[in-house]
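**Q** Below is the sequence, then the predicted model.
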Amino acid sequence: MAQFDVYPHPVEELRDDQPYVMELQSSLVRSPMARITIPLARLGSDTPPMSRLNPRVDVAGETLVLDTLFISSFDPADLRRPVGNLRAEADAIWSALDYALHGY
């Protein structure tokens, strides 16, 4: 597992709206009991997401948004077979987290 790896959402019932989760946690923590993740959501047709809090990312040919306020954790065994990695989007990801936690 690597930071910013993208996995199919472990909760099958949520995959229609949030098909993937991105691992946020650094691999510096050895053998954690849970991995911190952020879901990647499909763009809704109603209100567009706030770009600073919910940056757009491309995964498997689909444009999704980082659903930052739904940060969660999963057992490492639930995160299998990554489909991509968003390391190239690290600045936008950290900015969204900073905005969510500090508001500036």
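**A** Great, that's in hand.
**Q** Skipping its backbone neighbours, what lies nearest P10 in space?
**A** Distance criterion Cβ to Cβ, 6 or more residues apart in numbering; nearest residue to P10, sequence neighbours excluded, is D78 at 3.9 Å. Bear in mind the C-beta positions are built from the backbone N, C-alpha and C, glycine included.
**Q** ok, that neighbour touching P8?
**A** No. Assessed by Cβ atoms under 8 Å, D78 is found out of contact with P8, at 9.8 Å.
**Q** coming back round to it: could you tell me how many residues sit around the residue nearest to P10?
**A** The tally of other residues near D78 (other Cβ atoms under 10 Å) stands at 16.
**Q** Do you know the pLDDT at it?
**A** D78 is assigned 94 on the pLDDT scale.
**Q** Same check on I93?
**A** In this prediction I93 is given a pLDDT of 94.
**Q** Against which helices or strands is the helix or strand hosting it packed?
**A** Applying DSSP states H and E as the criterion places I93 in helix 90-102. Under the contact criterion of 3 or more Cβ pairs under 8 Å, 6 or more residues apart in numbering; DSSP states H and E, helix 90-102 touches strand 62-66.
**Q** helix or strand right after the strand it packs on?
**A** Using DSSP H and E, the next helix or strand after strand 62-66 towards the C-terminus is strand 72-74.
**Q** and for the very next helix or strand once past that next one, what are the contacting residues?
**A** Downstream of strand 72-74, the first helix or strand assigned by DSSP H and E is strand 84-85. Contacts to strand 84-85, defined as Cβ atoms under 8 Å, 6 or more residues apart in numbering, come from residues 2, 4-6, 59-60.
**Q** Sort out which of these are buried, if you could.
**A** In those, burial by neighbour count holds for 4-6, 59, counting by 16 or more other Cβ atoms under 10 Å.
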